[in-house]
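Participant: Here is the input, now give the coordinates:
(one chain, ligands or ions: 1)
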Amino acid sequence: MPLLEVRGVTRSFYGVHALNGVELSVEAGRITGLIGPNGAGKTTLFNCITGVVPPSTGRVVFDGEDITGWRPDRISTRGLVRTFQIARGCPRLTVRENLLLYGAHQPGEGVLTALLRTRAALAREEELQARAEAIAARLRLTQVLDNKASALSGGQKKLLEIGRALMTAPKLILLDEPCAGVNPSLTREIGERLREIVAEGISLLLIEHQMDTIARLCDHVIVMAEGRHLTEGTFAEVAANATVQEAYMGRPRWAS
Ligand SMILES: Nc1ncnc2c1ncn2[C@@H]1O[C@H](COP(=O)(O)OP(=O)(O)OP(=O)(O)O)[C@@H](O)[C@H]1O
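Facilitator: Reported below is the predicted structural model:
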């Protein structure tokens, strides 16, 4: 059974059909790339899957459970979380605080428990601290744990965004352009961290425009165009597909 199934999902905005009945599946244990020309509906699909925007019609099934129309926080407790193209962390908080903020959304963490500071709450806080430190170490952010997020480099901000997603103990992370705006060597480094995350059993679905990054990183590639699933396969297969080339025609990013 696929980890994620999208069945006939449509979404319109003021008469614009952003999604026209998307059908796709994401398998566990690998990095799946989601590509397509500008306006293909990739970000809207991410929003519909993760509850940021409800689909107009269709179904989203995650890990065997129908999550269509659920709110993002409820979806994340099931192990499905997304990152945003523009990092959404709190710049004035430290890296550690940013990580803890996300861990606090875990199931079982009630405001009352936190306020009462019971023994259980203190133990939970220690556990979250340990998790934040372990995730920072995984992402090579230990040196900057107590620095303000605003002081991080562009690449480190991207890693922090991934770290915040990891704090929710996800099964699947949807990454919206995790390497956008970072230089080639940092892109490779982020790629290495993503590979390590997958080796630990977390699955990834990522939107990326840089085709060399997709080619290097993704085990499988799904192509969208005009709000629909166009085709899928290995990078070599989709790159050789005439329909894909046609969908990208005149779009210089394909060549980059
Ligand atoms: N909130 C919104 N209001 C109105 N139109 C929207 C909204 N969100 C998306 N759209 C429209 O839906 C279509 C699909 O946009 P979307 O951003 O999902 O595509 P994309 O494949 O992610 O594009 P890009 O690669 O440029 O980010 C576009 O025509 C876009 O203008």
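
Participant: Where does the stretch 51-200 of the chain get nearest to the ligand, residue-wise?
Facilitator: Of all residues in the stretch 51-200 of the chain, Val53 sits closest to the ligand, at 7.3 Å by CB to the nearest ligand atom. C-betas here are computed from N, CA, C, even on glycine.

Participant: Checking my notes, that residue in a strand, right?
Facilitator: No: counting by DSSP: H, G, I helix; E, B strand; the rest coil, Val53 is not part of a strand but coil.

Participant: burial count for it?
Facilitator: Residues near Val53, counting by other CB atoms under 10 Å, number 18.

Participant: Next one: it, what pLDDT does it get?
Facilitator: Note on Val53: pLDDT of 94.

Participant: ditto for Ala114
Facilitator: Ala114 is given a pLDDT of 59.

Participant: Could you do Ala236 as well?
Facilitator: If you check Ala236, the pLDDT there is 94.

Participant: quick one: secondary structure of it?
Facilitator: Recorded secondary structure, Ala236: helix (three-state DSSP).

Participant: Leaving out chain neighbours, which residue sits closest to the residue of the stretch 51-200 of the chain closest to the ligand?
Facilitator: Sequence neighbours aside, Asn47 is the residue nearest to Val53 in space, at 4.0 Å (criterion: CB to CB, 6 or more residues apart in numbering).

Participant: domains for this protein, by residue range?
Facilitator: Following the assignment in automatic domain parsing, the chain carries domains at 1-79+170-256, 90-164.

Participant: Just name the most buried of those.
Facilitator: A comparison of the domains of the chain by mean neighbour count, using mean count of other CB atoms under 10 Å, puts domain 1-79+170-256 on top with a mean of 18.

Participant: And the closest residue to Lys148 other than its chain neighbours, its phi and psi?
Facilitator: Leaving aside its chain neighbours, Lys148 sits nearest to Thr94 (5.8 Å; criterion: CB to CB, 6+ apart). Note on Thr94: backbone dihedrals following degrees, to the nearest 10 are phi -80, psi 170.

Participant: how close does the residue of the stretch 51-200 of the chain closest to the ligand get to Phe13?
Facilitator: Counting by CB to CB, to the nearest Å, the separation of Val53 from Phe13 is 9 Å.

Participant: Distance check, Met249 against Arg82.
Facilitator: Distance of Met249 to Arg82, computed by CB to CB: 30 Å.

Participant: where does this protein have low pLDDT?
Facilitator: Within the chain, the ranges that satisfy pLDDT under 70 run 85-89, 104-118, 250-256.

Participant: could you pull out the helices for it?
Facilitator: Secondary structure of the chain (DSSP state H): helices at 42-49, 72-77, 95-103, 111-116, 119-138, 154-166, 184-199, 211-217, 235-239, 242-247.

Participant: Kindly export the second one (C-alpha atoms) in PDB.
Facilitator: The C-alpha atoms that make up helix 72-77 are tabulated as PDB, following Å, rounded to 0.1, in the frame of the first residue of the first chain:
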ATOM      1  CA  PRO A  72      -2.700  20.800   9.400                       C
ATOM      2  CA  ASP A  73      -2.000  20.200  13.100                       C
ATOM      3  CA  ARG A  74      -4.200  17.100  13.200                       C
ATOM      4  CA  ILE A  75      -2.500  15.800  10.000                       C
ATOM      5  CA  SER A  76       0.900  16.300  11.500                       C
ATOM      6  CA  THR A  77       0.000  14.200  14.600                       C
END
